[in-house]
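Trainee: predicted coordinates and the sequence they were generated for:
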Amino acid sequence: MKTLKTLIATALLATLTSPVFAASEANINVVGSIAPSTCSVVVPDGAAFKFGSIHSDELNSNDSTHLLRAKTIRIVCPAPTKLLVAFPFDNGGQLAPHASGKDTGVLAWWLPSANKAVAAGCGVGLQDNELIKVDAGDGNLIAILSFIRIQRGRQIPLSCPAGSSYEGGGLYNGAEDGYYIYHPTVKEMHIPRHLRMSINPRDELDTSGVIRLEGSASVVVRYL
């Protein structure tokens, strides 16, 4: 028992006679964020552009037959959101082949006012039903003015006149995955999409059986 007391006393003495240092402190920051729920893509009347049944004798025999359908696709966000939107085609916009691999036709996003495929550049003088419009959160739809191109990891802002429309898409007859419609504050975005189907000349098709006209594209929404 005596030995135990001696050890305790020695320990206390060592503590009392040691140098006294100031306490060390360091700040630890806590960071994070709560992101709004993801935006919804709303396609009226389902996600399909329906061309219906076409009789082979309605096709041009030695030239492509062009058919046009339109939808306004909406991006709806629970809170104002900075985002990018693109419409890349699958398989380069080619329709599914038929009859042992024969080409059937091709799809393209189309500008009826200019009678040409959507391509890189500022399109001025577009019809109202071709203008992309954005509600930034105040309930008013305005023509979109800001666009962006992403290439090899760099963001390249593009400047277009007020009321114009810019969208990249030189390859694959439509918007590439690297070209985006952009706006820094989107509560709701209305994007007119005019889809043109070009069916190959009837003389190049095997019309002895049913030819299914099938193609697809994606709506790509990325958040910043």
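Mentor: Yes, it's here.

Trainee: would you double-check that Asp203 falls in a helix?
Mentor: Yes - Asp203 forms part of a helix when assessed by DSSP: H, G, I helix; E, B strand; the rest coil.

Trainee: all helices of the chain, in order?
Mentor: 2-17 (DSSP state H).

Trainee: output the lowest mean pLDDT helix or strand found in it.
Mentor: Within the chain, no helix or strand scores below helix 2-17, which has a mean of 39 by mean pLDDT, DSSP states H and E.

Trainee: where along the protein do the strands fall?
Mentor: 40-42, 65-86, 105-111, 116-117, 122-123, 133-135, 141-143, 146-151, 154-159, 165-166, 179-199, 220-223 (DSSP state E).

Trainee: who wins for proximity to Gly209 among the ones you listed?
Mentor: Closest approach to Gly209 among the strands of the chain (CB to CB): strand 179-199, 15.5 Å. Where you see a C-beta, it was placed from the backbone N, CA and C, and this is true even at glycine.

Trainee: what is the closest one packed up against?
Mentor: strand 65-86, strand 105-111, strand 133-135, strand 146-151 (3 or more CB pairs under 8 Å, 6 or more residues apart in numbering; DSSP states H and E).

Trainee: dump those to a markdown table, plus distance to Arg212, mean pLDDT and mean neighbour count.
Mentor: Output for these, formatted as a markdown table (distance: least, CB to CB, whole Å; pLDDT from 0 to 100; neighbours: other CB atoms under 10 Å):
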| stretch | distance to Arg212 | mean pLDDT | mean neighbour count |
| --- | --- | --- | --- |
| strand 65-86 | 15 | 91 | 17 |
| strand 105-111 | 12 | 91 | 23 |
| strand 133-135 | 35 | 93 | 19 |
| strand 146-151 | 35 | 54 | 17 |
